[in-house]
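Engineer: Provide a 3D model corresponding to the input given below.
(one chain, ligands or ions: 2)
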Amino acid sequence: MELLKSVYEKVCKQNPHEGEFLQAVEEVLESLEVVAKYHPEWIENGIFERIVEPERQIMFRITWVDDQGKVQVNRGYRVQFNSAIGPYKGGLRFHPSVTLSVIKFLGFEQTFKNSLTGLPIGGGKGGSDFDPKNKSNHEIMRFCQNFMLELQRHIGENTDVPAGDIGVGGREIGYLYGMYKKIQNVNTGVLTGKGLEFGGSLGRKEATGYGLCYFMDEYLKDYQKTFKNMSVVISGSGNVAIYAAEKVTELGGKVVAMSDSQGVIYDINGVDLSLIKQLKEVERKRISEYKEKYPNAIYYENSKDIWKVKCDIALPCATQNELDLESAVTLISNGCFAVGEGANMPTTPEAVKYFIKNNILYAPGKAANAGGVATSALEMTQNSQRFSWSFEEVNQRLKEIMKNIYINVSKTAEEYNVPGNMVVGANVAGFIKVAKAMDAQGII
Ligand code: NDP
Ligand code: 2IT
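Structural biologist: Numbers count the residues shown, from 1 in each chain. Ligands and ions are numbered 1, 2, ... in the order given. Alright, predicted model coming up:
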């Protein structure tokens, strides 16, 4: 980094303990050197310094009472990162590992991702260190209600529109929406990922996983390849992983391994996805239980062991930094030639560099997993029209959006003299639209 070094140094100095946030910022600023070279006016107008600083960061206390009558206290966050191109938009994550650093890295990435969708949405993210595991339905509901009691004053259909992320799915969005409606006395599209009975969009549940596969399909085609007969490993077994697995199978690939935070299931015959859906979506159990029905499947007790499974294509769909350099080396030595990120920042910087050096087809999350938020924006459109589109219509639009993102990202990489480098392509293409919008709106 040369031109943007001082910008990065300031971020480091101001946020010394925020490892995830600094990691995300460093990667983007490294890519933006090529843009800074051609746009001295953006340096002068402080665009780079402004884009790394969230517009607003909200932290709050959530108090609730568990089933044993004990008072529980959690910390809530909403980081409204950038509203240059539209209302803040991004998910809520409920996981014990949530910190301000995690929410800031996600909000920062979201700004560029949302820009790439071509739709008018700014970037934001929120969540809590609340752990939904082993909680009763009533505890989840009470937590969501108390979370919304505070969040409601900061969001709105034209201001900030949250959705789901890790630990927040249809059930949680339902409870959050119910409380928002009760307090504000309005029925609006203030959250996306809602139930189909109250303003949700057909196709939103499937969108991130399907979108990832549509993106990869375009990418593979450019290199005369397809998913057909490919062995695929998919980390995670949550919303993104499950629908990625469904689409891979539909496109002729074979998903041989999936995981959760405790371990990996490897089924050489191809995983039984309906069983995984039953275990994870309905019963909320561990993936290890897969073995009860399929005793010949292999279970590894360490989630990272998924990268040791031989495959052609790897789709990390669980969490940040789940794929490190050692795993990248193993993947490539076993013949893996393509990696597509369903999760946000799942690959460590060293592993990303290793993939690029070895000419692996590597699709960064900002581009490849943008289908979820893009379909959320389609949900917002349907809500403001007071109308709902068919599954086919939403799915068709998603497909087109993912294709356009692929074209935009790969063309941008060529334009900036790094053909095939999807990291630079995604960061630069996402950035330019936001930078132009910020510049046009003056120094605010
Ligand atoms: P879910 O909560 O539905 O699923 C998360 C999955 O990842 C679970 O299988 C979970 O295991 C596993 N997991 C979570 N944390 C860890 C960890 N620390 N180590 C290992 N495994 C872990 O979340 P989503 O599927 O919605 O999200 C997955 C990823 O995709 C996240 O990075 C998210 O930010 C990203 N994403 C999500 C979008 C969406 O629309 N939902 C859109 C774009 C990106 P377990 O069951 O044991 O908890
Ligand atoms: O990371 C993401 O893009 C999401 N969790 C989806 C956000 C959204 O607003 O649909």
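Engineer: helices or strands up against the lengthiest helix in the chain?
Structural biologist: Across the chain, the longest stretch assigned as helix under DSSP state H is helix 391-415. Secondary structure elements in contact with helix 391-415, counted by 3 or more C-beta pairs under 8 Å, 6 or more residues apart in numbering; DSSP states H and E, are helix 100-116, helix 204-222, helix 365-368, helix 371-385, helix 422-440. Quick note: C-beta positions are derived from backbone N, CA and C, even for glycine.
Engineer: Looking at those helices, which is nearest to ligand 1?
Structural biologist: The closest of those to ligand 1 is helix 371-385. By C-beta to the nearest ligand atom, the value is 3.0 Å.
Engineer: relative to helix 100-116, how tilted is that closest one?
Structural biologist: If you take axes from the mean of the first three to the mean of the last three C-alpha atoms, to 10 degrees, helix 371-385 sits at 70 degrees to helix 100-116.
Engineer: List, one by one, the residues from the stretch 51-200 of the chain near ligand 2.
Structural biologist: Contact residues, the stretch 51-200 of the chain versus ligand 2 (C-beta under 6 Å from any ligand atom): 89-91, 110, 113, 163, 165, 192.
Engineer: one more time with 8 Å
Structural biologist: Proximity of the stretch 51-200 of the chain to ligand 2 (C-beta under 8 Å from any ligand atom) is limited to residues 89-91, 93, 106, 109-110, 113-114, 121, 125, 161-165, 192-193.
Engineer: Go through those residues and flag which are in strands.
Structural biologist: Residues of those located in strands (DSSP state E): 89-91, 93, 125, 161-163.
Engineer: ok so, going back, so which of the helices and strands packed on helix 391-415 is the most packed in?
Structural biologist: Most buried of those by mean neighbour count (mean count of other C-beta atoms under 10 Å) is helix 365-368; its value is a mean of 28.
Engineer: Show me what it is packed against.
Structural biologist: helix 100-116, helix 204-222, helix 391-415, helix 422-440.
Engineer: Against which helices or strands is the host helix or strand of Val233 packed?
Structural biologist: Using DSSP states H and E, Val233 maps to strand 231-235. Strand 231-235 is packed against helix 239-250, strand 254-259, strand 313-316, with contacts defined by 3+ C-beta pairs under 8 Å, 6+ apart.
Engineer: tell me the most buried of the ones you listed?
Structural biologist: Most buried of the helices and strands packed on strand 231-235, by mean neighbour count (mean count of other C-beta under 10 Å): strand 313-316, with a mean of 29.
Engineer: So which elements touch it?
Structural biologist: Packed against strand 313-316 by the contact rule (3+ C-beta pairs under 8 Å, 6+ apart) you find helix 204-222, strand 231-235, helix 239-250, strand 338-340.
Engineer: and that strand, which strands flank it?
Structural biologist: The strands beside strand 313-316 in its sheet (DSSP bridges) come out as strand 231-235 (parallel), strand 338-340 (parallel).
Engineer: Following that strand in sequence, what is the next regular element?
Structural biologist: Downstream of strand 313-316, the next assigned helix or strand under DSSP H and E is helix 325-333.
Engineer: Just put the helices and strands packed on helix 391-415 in JSON lines and tack on distance to Val35 and mean pLDDT.
Structural biologist: Listed next are the helices and strands packed on helix 391-415 as JSON lines, based on distance: least, C-beta to C-beta, whole Å; pLDDT from 0 to 100:
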{"stretch": "helix 100-116", "distance to Val35": "12", "mean pLDDT": "99"}
{"stretch": "helix 204-222", "distance to Val35": "23", "mean pLDDT": "98"}
{"stretch": "helix 365-368", "distance to Val35": "15", "mean pLDDT": "98"}
{"stretch": "helix 371-385", "distance to Val35": "23", "mean pLDDT": "98"}
{"stretch": "helix 422-440", "distance to Val35": "6", "mean pLDDT": "98"}
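Engineer: out of those helices, which comes closest to Arg50?
Structural biologist: helix 422-440 (6.6 Å; C-beta to C-beta).
Engineer: Could I get the CA-only coordinates of the closest one as CSV?
Structural biologist: Output in CSV follows, covering the C-alpha atoms of helix 422-440 (Å, rounded to 0.1, in the frame of the first residue of the first chain):
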residue,chain,number,x,y,z
MET,A,422,-11.9,-11.2,-8.7
VAL,A,423,-10.8,-9.7,-5.4
VAL,A,424,-9.6,-6.5,-7.0
GLY,A,425,-12.5,-6.6,-9.5
ALA,A,426,-15.2,-6.8,-6.7
ASN,A,427,-13.6,-4.3,-4.4
VAL,A,428,-13.0,-1.7,-7.2
ALA,A,429,-16.4,-2.2,-8.9
GLY,A,430,-18.2,-2.0,-5.6
PHE,A,431,-16.2,1.0,-4.4
ILE,A,432,-16.6,3.2,-7.6
LYS,A,433,-20.4,3.5,-7.4
VAL,A,434,-20.3,4.4,-3.6
ALA,A,435,-17.4,6.9,-4.2
LYS,A,436,-19.3,8.6,-7.0
ALA,A,437,-22.4,8.9,-4.9
MET,A,438,-20.5,10.2,-1.9
ASP,A,439,-18.7,12.8,-4.1
ALA,A,440,-21.9,14.0,-5.7
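Engineer: roughly how far is the lengthiest strand in the chain from the heart of the chain?
Structural biologist: If you go by DSSP E, the chain has its longest strand at strand 71-82. Centre-to-centre, strand 71-82 and its host chain are 18 Å apart (C-alpha atoms, centre = their mean, to the nearest Å).
Engineer: Relative to Met216, how far out is the closest residue to ligand 1 within the stretch 101-250 of the chain?
Structural biologist: The nearest approach of the stretch 101-250 of the chain to ligand 1 comes at Gly238, 1.7 Å away (C-beta to the nearest ligand atom). Between Gly238 and Met216 the computed distance is 19 Å (C-beta to C-beta, to the nearest Å).
Engineer: And for Gly46?
Structural biologist: As judged by C-beta to C-beta, Gly46 and Met216 stand 37 Å apart.
Engineer: and what of Glu250?
Structural biologist: In this view, Glu250 and Met216 are 13 Å apart by C-beta to C-beta.
Engineer: picking that back up, since we're on the residue of the stretch 101-250 of the chain closest to ligand 1, how many residues are nearby?
Structural biologist: 24 (other C-beta atoms under 10 Å).
Engineer: Looking at it now. What's its pLDDT?
Structural biologist: Gly238 is assigned 98 on the pLDDT scale.
Engineer: number of nearby residues for Met1?
Structural biologist: By other C-beta under 10 Å, 14 other residues sit near Met1.
Engineer: shouldn't it be in contact with Leu29?
Structural biologist: Yes - judged on C-beta atoms under 8 Å, Met1 makes contact with Leu29 at a distance of 6.1 Å.
Engineer: All set, thanks.
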